[in-house]
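**Q** based on what follows, work out the 3D shape:
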Amino acid sequence: MLNWQLLSVGLIVFCAASYLIHAAWRAWRGGKAGCGGSSCACSGKSEPTQARGFIPLKELTLRRRNP
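**A** So this is what the prediction gives:
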């Protein structure tokens, strides 16, 4: 009875480890198939993204509720 439990746990651990290895491999290899890589798969030219800064203090207290 213990054998099928060990087999199922081993299979789950193997799947989790293989997923982590695959995700790490994709992160280290880089995104060559996406936009900005050597083979752009986007349709058309996209506009550059703007850097986001801090939220001004005036906007932080904009939705403050008074008790």
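
**Q** so, low pLDDT: which residues of the chain?
**A** Residues of the chain meeting the criterion pLDDT under 70: 1, 31-51, 62-67.

**Q** rerun that using 50 as the cut-off
**A** Filtered on pLDDT under 50, the chain yields no residues whatsoever.

**Q** please enumerate the strands of this structure.
**A** Assigned by DSSP state E, the chain shows no strands.

**Q** show me what the helix ranked longest in the chain is packed against.
**A** Counting residues, the longest helix found in the chain (DSSP state H) is helix 2-29. Identification of packing neighbours for helix 2-29 by 3 or more CB pairs under 8 Å, 6 or more residues apart in numbering; DSSP states H and E yields no helix or strand. C-beta here means a position set from N, CA and C on the backbone, and glycine is covered the same way.

**Q** how about that helix: buried residues?
**A** Across helix 2-29, burial judged by 16 or more other CB atoms under 10 Å covers no residue at all.
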